[in-house]
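S.K.: Sequence plus predicted model, see below.
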Amino acid sequence: MNEERKLIVSSSPHVRTPRGTQQIMLDVIIALLPALVAAVIFFGVKPLIVTVISVISCVVFEFAYRKLLKKNASYMDLSAVVTGMLLAYCLPPTFPWWTVIIGAFFSIVLVKQLFGGIGKNIWNPALAGRAFLLVSYAVLMTTWAPARFQNADAATFATPLASLHAGQLVPGGANALWDMFIGNIGGSFGEVSALALLLGGAWLVYRKVISLRIPVAYVGTVAVLTLIFSRGNNHLLWMLQNVLSGGLLLGAIFMATDYCTSPVTPNGQLIFGVGCGLLTVLIRYFGGYPEGVSFAILIMNCCTWLIDQHTAPRRFGIMKGEKKKKEKEEAKG
Amino acid sequence: MKKAIDFIKPAVILLLVAAVVALVLGLVDMMTRDRIEAIAEQTKTNAMNAVLEAPSYEALDVTGAPADIDEAYAAEGGGWVVQVTETGSQGAVTLMVGVTPDLTCSGISVTQSSETAGLGAIASQQSAAGDAFRSQFVGQSGTVAVTKDGGTINALTGATITSRAISNGVTAALALCETLG
Amino acid sequence: MNAKKQLTEGLITNNPVLVQQIGLCATMAISTTLFNGIGMGLSVLIILTCCNVVVSAIRKIIPGQVRLAIFVVVIAGFVTIVDLLLQAFIPALSSALGVFIPLIVVNCIIIGRAEAFSSKEGVFLSFRDGVFQGLGYTCVLVLMCLVRELLGSGTVGGGLLNGANSFITLDGTGAGIRIIPEGFGAGALILPFGGFLTLGCLMAVMQYALRKSGEKKAKKEKEVKE
C-alpha cells in the first residue's frame, strides 16, 4: 500500500548496528533470570510455574492476535516473553494460575496490540496488566506469604511495605536490611531480592541495553525524599528500607527503562526518573495502596510524549523562537 | 422597522414555546405529585418496618444532633428508627437503623446509595450476600466497626469503604439513641 | 429515505455511540447492570422520539437565531416529564438511574439529532429516526451492560433477573443470574475505568467491521465496473 514509505531518506550520520529487537530482548531475559532464581530459592517452585504460565500465555496471545488479524507475526522478537516475565514478577507468590492468564490477556491484547503492537504502546504492558489485576482482584493481589527462611508466622506476617505504609520501620531494624537485600522477605516474588535485580541491572548496563539515567534518577529521588521526610528517629534506616522494599528496584531497572514508553532524550529521561520517584513516594506516603511504583510509572508513561517534546534537542540551524524574535528586532532597529 | 421585527419575532416564538412546555409540565406535575409523595412515604415506612416493626412512628426533633443524623423516629411500643447519611466510596449512603430500647441494633436497611455495582452495591441488594452482610449488624451495640478496624463486622469483599461507612452510621445512630433514652 | 436504510444507520453505520460518538457520559456511567441499561436506553428512546417529532413539527416556525434555545426548552420539558413519570410509576428505575435521567437534557444524542436531522426533515421521517437512533443507543448500552456485568461481577441481568425465587423482578433488586462464580470476575470492569475500557474496545471492533465491509464493497464495485 504505502510503497513510497519503504525508502527512508535521512541525513547523516548513520549508525548501523547488528543488534535487533530480538538481541536486546534476549539480554533483558538474561538479566531477569537471577531474580527468578532468587524467587525459587525463597518461595519454592511456585514462582517458576507462574512465570512459565505467564510467558506462555503472553506469547500465545501475541501470536493469536496477529494471526487472527492477518498481521505479520511478531512473537519471534521475544518482547512478549519479557512482558510475561515482568508481569509474573510483580505478582504475589500465592497467586492463582488462572488470574495470570487474565493479566496476560490484558497486557498483550488490550495494552500492547490494540495500540499497534511493539513500539506503539503507550503504557508498559506488564505494569498495566498488574494494575488491572490489582484493581480487579484486590484480595488475591495482596495475599502475601513469608519467605521460606523467615521466622514469621503466616497469620500475623506483614510485608516490609505494609509496615512502612503504617509509618513504622520494618521489625528487626538494621538486621532486617540484610534480609531485604538478599530477598528473604515477603512481597511479589520477582521484587524481593535487591541483589538479584542489581545483578540483572549491571548486565543490562554492561551490554548497553539501558542507560543509568532513569534508574538512578528514580531511586535517587526516592532516597532523597524519604531521607528528608523520614518517619521515625532513624532517618538513614527509614530511607534504606524504603529503597529496598517493594517493587522499586524492579520498576526502576526493568520497567521505567522500557524503550517505547519512556523518553528518548537524556534530559527527558532524568525528568521521567525524578517524576516516577516523586509519585512513588507520594503514593506510598499518602495513598490508599502501600505500593506506588506501578501507578507512578504508568502515570509517567502518559507524560512521555510531553517530556520528549519539550526536551528535544534543537535542530541544527534553527533558532529558538525567543532569540529569533529578538534578533529580528535588532536587525530592524 | 424591519429590524425591530427581526429582533422581536424570535423572542416571541421562544416565549410561546417555553409557555407551552411550562403548561404541559404543570399538568404532568399535578397528575404525578400525589403519587410520588405517596411512594416516598411508603418506601420510608417499609424501610422503617424492615428494621424495627411497629404500628406507627413518631418523628423526633434532632436539631443539634451530629451532622450525619437526618431524622429520628420513636417507634410505638419502644425503640427508635434513625435515618443516617454517611459518605461511602461513590457518594452518600443513606441508611435506616433500628434501635431497640436496650440500645442494640435491631436491623439496618440501605435506602439510598450509589455504590459500585457488584461491590459496595451488595449492601443494598436483596441477595444472599446482602442479607448476610446486613444481618451482621443485628444485636450490635456501642461502637460498631469492621474487622480491619478492630470490630466484628466482616466487610464486603472489595468494599471496605462502604462497609466502614455503614458501620459508622450504625454507631452514630446508637450514640444518638443513648442520648434520647 | 426508506425505513431499512434508517434502521441500519441507527443500529450500525451511523450508530450514535459507536460511530457518532455522542452521549458517552451516561453510557459509561450507568452501564453496570442490565436493569440500568435497558431503563436508560428506553428513556432516551422515548425522549428522543418525542423531541424529534415536536422539533420537526415546528421546524418551519423556528427562527434560526434561537433554534438551540428552543431545542433545549423542548428537550428539558420532555426529560422532566419522563423523570416525573418514572418517579411515579417505576420508582426503582428512577432511584437506580438517579441523576442520569435529568442529565439526558444535556445528552448530545437528542440535541444532535434535532440539529442534524429533525429540524430539516418531515415529521414521519423524524419519528422513525428517533426510534431507530434510540434503538441503536439502547443496543450499545445493553451490550456494554452485558459485557461489564458478566466479566466484572460475573452475573447476567442484574436488577432485572433473579436466580432465586421470582424469575423477573421489576423493582431493581434482583441479584442477577450468576454465570462466573463469586470472586472470579474482574472487578475493574465495574469501576468507571471499566466503562472507558469496554467502550473503547466496542468502538475498535465497530471501526474494524465498518472498514472491512467498506473494503469489500469497494472491491465488489470495482469488479462490477471491470
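M.R.: The structure has been received and is ready for your questions.
S.K.: and B:Ala59, that one's in a helix?
M.R.: No. B:Ala59: not assigned to a helix; according to DSSP: H, G, I helix; E, B strand; the rest coil it is strand.
S.K.: In space, what's closest to it - neighbours in sequence excluded?
M.R.: Closest residue to B:Ala59 apart from its sequence neighbours, by Cβ to Cβ, 6 or more residues apart in numbering or on different chains: B:Tyr73 at 5.6 Å. (Glycine included, C-beta is placed from N, CA and C.)
S.K.: That neighbour should be in a strand, yeah?
M.R.: Yes. Checked against three-state DSSP, B:Tyr73 lies within a strand.
S.K.: Could you report the neighbour count for it?
M.R.: Using other Cβ atoms under 10 Å in any protein chain shown, B:Tyr73 has 22 neighbouring residues.
S.K.: what's the answer for the one 10 residues further on, then?
M.R.: Other residues lying near B:Gln83 total 22 when counted by other Cβ under 10 Å.
S.K.: Which one of the residues in the stretch 101-250 of chain A is closest to chain B?
M.R.: A:Ala138 (5.5 Å; Cβ to the nearest Cβ).
S.K.: Leaving out chain neighbours, which residue sits closest to A:Thr142?
M.R.: Using Cβ to Cβ, 6+ apart, the nearest residue to A:Thr142 is A:Pro92, at 7.2 Å.
S.K.: Return the backbone torsion pair for the one you found.
M.R.: phi -70, psi 150 (degrees, to the nearest 10).
S.K.: Help me confirm that it comes into contact with A:Trp144.
M.R.: Yes. Between A:Pro92 and A:Trp144 there is a contact at 5.4 Å, judged by Cβ atoms under 8 Å.
S.K.: if I look at the two, which residues touch both of them?
M.R.: Residues touching both A:Pro92 and A:Trp144 (Cβ atoms under 8 Å, 6 or more residues apart in numbering or on different chains) are A:Gly187.
S.K.: Point out where the stretch 101-250 of chain A drops to low pLDDT.
M.R.: A:151-157, A:173 (pLDDT under 70).
S.K.: if you set the cut-off to 80 instead, what comes out?
M.R.: A:138-139, A:142-159, A:162-163, A:165-168, A:170-176, A:232-233 (pLDDT under 80).
S.K.: Just the strands from chain C, written as ranges.
M.R.: For chain C, the strands defined by DSSP state E cover C:155-156, C:177-178.
S.K.: do you know which of these lies nearest chain B?
M.R.: Comparing these by Cβ to the nearest Cβ, strand C:155-156 comes nearest, at 7.7 Å.
S.K.: Would you mind pulling the contact partners of that closest one?
M.R.: B:Gly118, C:Leu34, C:Leu146, C:Glu149, C:Leu150, C:Ala175, C:Gly176, C:Ile177, C:Arg178, C:Ile179, C:Ile180.
S.K.: In three-state terms, label A:Ala145 for me.
M.R.: Per three-state DSSP, A:Ala145 ends up coil.
S.K.: How about residue 65: what's its closest non-neighbour residue?
M.R.: Going with chain A. A:Gln113 (4.7 Å).
S.K.: Sorry, I should have been clearer: chain B.
M.R.: That would be B:Leu176: by Cβ to Cβ, 6+ apart, it lies 5.7 Å from B:Ala65.
S.K.: list the contacts for that neighbour?
M.R.: Contact analysis of B:Leu176 by Cβ under 8 Å, 6+ apart lists B:Val62, B:Ala65, B:Pro66, B:Ile69, B:Ala72, B:Trp80, B:Val82.
S.K.: export these to TSV and tack on neighbour count and secondary structure?
M.R.: Listed next are the contacts of B:Leu176 as TSV, based on neighbours: other Cβ atoms under 10 Å in any protein chain shown; DSSP: H, G, I helix; E, B strand; the rest coil:
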residue	neighbour count	secondary structure
B:Val62	16	coil
B:Ala65	19	coil
B:Pro66	10	coil
B:Ile69	19	strand
B:Ala72	23	strand
B:Trp80	26	strand
B:Val82	31	strand
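S.K.: ok, back up a step: go ahead and confirm the residue nearest to A:Tyr65 touches A:Ala64.
M.R.: No. With contacts defined as Cβ under 8 Å, A:Gln113 does not count as touching A:Ala64, sitting 9.8 Å away.
S.K.: by contact count, what packs against the longest helix belonging to chain B?
M.R.: Ranked by number of residues, the top helix in chain B under DSSP state H is helix B:2-51. Packing partners of helix B:2-51 (3 or more Cβ pairs under 8 Å, 6 or more residues apart in numbering or on different chains; DSSP states H and E): strand B:92-99, strand B:105-113, helix C:67-89.
S.K.: tell me the mean pLDDT for that helix?
M.R.: The pLDDT scores in helix B:2-51 average 87.
S.K.: Strand B:92-99 and that one, what's the angle between them?
M.R.: 30 degrees (axes from the mean of the first three to the mean of the last three Cα atoms, to 10 degrees).
S.K.: Centre-most residue in the chain?
M.R.: By default, I'm working from chain A. Among the residues of chain A, the one closest to the centroid is A:Met255, at 1.9 Å (Cα atoms, centre = their mean).
S.K.: You answered for a different chain; I wanted chain C.
M.R.: Using Cα atoms, centre = their mean, the most central residue of chain C is C:Tyr137, at 2.4 Å.
S.K.: List the residues that contact it.
M.R.: By Cβ under 8 Å, 6+ apart, the contact set of C:Tyr137 is C:Pro16, C:Val17, C:Gly23, C:Thr27, C:Gly41, C:Val44, C:Leu45, C:Leu48, C:Ile109.
S.K.: Count residues in the vicinity of the residue nearest to the fifth one when sequence neighbours are not counted, would you?
M.R.: If I follow you right, that is C:Gly41. In this structure, C:Gly41 finds its nearest non-sequential neighbour in C:Thr138, 2.9 Å apart by Cβ to Cβ, 6+ apart. Residues near C:Thr138, counting by other Cβ under 10 Å, number 20.
S.K.: For C:Thr138, give me its contacts.
M.R.: C:Thr138 touches C:Gly37, C:Ile38, C:Gly41, C:Leu42, C:Val44, C:Leu45, counting by Cβ under 8 Å, 6+ apart.
S.K.: same deal with A:Val243?
M.R.: By Cβ under 8 Å, 6+ apart, the neighbours of A:Val243 are A:Val219, A:Val222, A:Ala223, A:Thr226, A:Leu249.
S.K.: Could you check which helix or strand contains the last one?
M.R.: Right, the one you point to is A:Leu249. Per DSSP states H and E, A:Leu249 falls inside helix A:248-250.
S.K.: Would you enumerate the residues in contact with the residue most central in space within chain B?
M.R.: Most central in chain B under Cα atoms, centre = their mean is B:Thr94, positioned 3.2 Å from the mean C-alpha point. B:Thr94 makes contact with B:Asp70, B:Gln83, B:Val84, B:Thr85, B:Val110, B:Thr111, B:Gln112, B:Ser113 under the criterion Cβ under 8 Å, 6+ apart.
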